[in-house]
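> Output the structure for:
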Amino acid sequence: MQTQDRAILFQEIAEAHKGIFFKVARTYCQDEEERQDLVQEILIQVWQAFPKYNDQFKISTWLYRISLNVAISFYRKSTVRKNKTSPLTDQFVTLPETDKAEKDQPLQLLEQFINELKELDKALILLYLEDRNHAEIAEILGISLSNVSTKVARIKDKLKQRFAQHNF
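Sure thing, here's the model as predicted:
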């Protein structure tokens with residue numbers, strides 16, 4: 001396939017499945033600037049892996065797998081970077097929190113609780129909330145079907161407990 005044809009096909013696929021990239025980025029990054037960086041990194045990795053795509057697999061499964069792997073790696077690097085730096089205090093800069101102010105409280109709490117999960121659990125619950133079936137989740141994450149079922153049940157219980165602590 002010629003580079004120009006490959007680029008056009010890549011653009012079509014990226015546009016059709018951009019929701020995957022943004023959902024994954026939103027799950028792993030709280031900061032808008034970091035989300036944009038993560039989406040860009042995901043797109044770079046998808047572009048680099050594009051010639052190796054095996055059309056025996058669903059494109060969305062392949063994109064989720066790459067996106068989640070990049071996000072987990074990005075999250076780890078970001079965590080290390082944050083531990084080595086110190087943020088500016090409010091006395092220097094005050095930023096409005098319009099994004100969170102517009103959301104209702106249960107949704108804010110759900111996002112907070114999901115953000116507190118381990119990396120694999122975040123990926124798993126994201127896929128579950130996207131109505132992916134357990135077999136597809138297992139394929140994307142590279143874990144067994146029974147492991148998916150067990151982990152989903154445990155995560156749901158953990159989230160229910162967290163909501164109960166906040167009287168919801």
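> now the residue most central in space within the chain: how far from residue 16?
Taking C-alpha atoms, centre = their mean as the criterion, residue 24 is the residue nearest the geometric centre of the chain, at 2.1 Å. Distance from residue 24 to residue 16, counting by C-beta to C-beta, to the nearest Å: 16 Å. Glycine gets a C-beta too; all of them are placed from N, C-alpha and C.
> which helices and strands does the one helix or strand residue 76 maps to pack with?
Under DSSP states H and E, the secondary-structure element containing residue 76 is helix 59-84. For helix 59-84, the contact count by 3 or more C-beta pairs under 8 Å, 6 or more residues apart in numbering; DSSP states H and E identifies helix 18-28, helix 32-49, helix 119-129, helix 134-141 as packing neighbours.
> For the protein, which residues score under the pLDDT cut-off?
Per-residue confidence for the chain (pLDDT under 70) gives these ranges: 1, 78-103.
> domains in it, as residue ranges please.
For the chain, automatic domain parsing gives the domain ranges 1-89, 96-168.
> rewinding a little: the helix holding residue 76 to helix 18-28, inter-axis angle?
Compare the direction of helix 59-84 with that of helix 18-28 by axes from the mean of the first three to the mean of the last three C-alpha atoms, to 10 degrees and you get 30 degrees.
> now the angle from helix 59-84 to helix 32-49?
Angle, helix 59-84 to helix 32-49, by the same axes, to 10 degrees: 130 degrees.
> Now do helix 59-84 against helix 134-141, angle only.
Our comparison of helix 59-84 with helix 134-141, counting by the same axes, to 10 degrees, yields an angle of 50 degrees.
> Give me the phi and psi for residue 52.
Note on residue 52: backbone dihedrals following degrees, to the nearest 10 are phi -90, psi 0.
> Any figure for the gap between it and residue 144?
Remark: distance between residue 52 and residue 144 (C-beta to C-beta) = 25 Å.
> Could you check which of those two has the larger neighbour count?
The neighbour comparison of residue 52 against residue 144 (other C-beta atoms under 10 Å) goes to residue 144, with 11 against 7.
> Quick check, the more buried one in contact with residue 138.
Yes - counting by C-beta atoms under 8 Å, residue 144 touches residue 138, with 6.1 Å between them.
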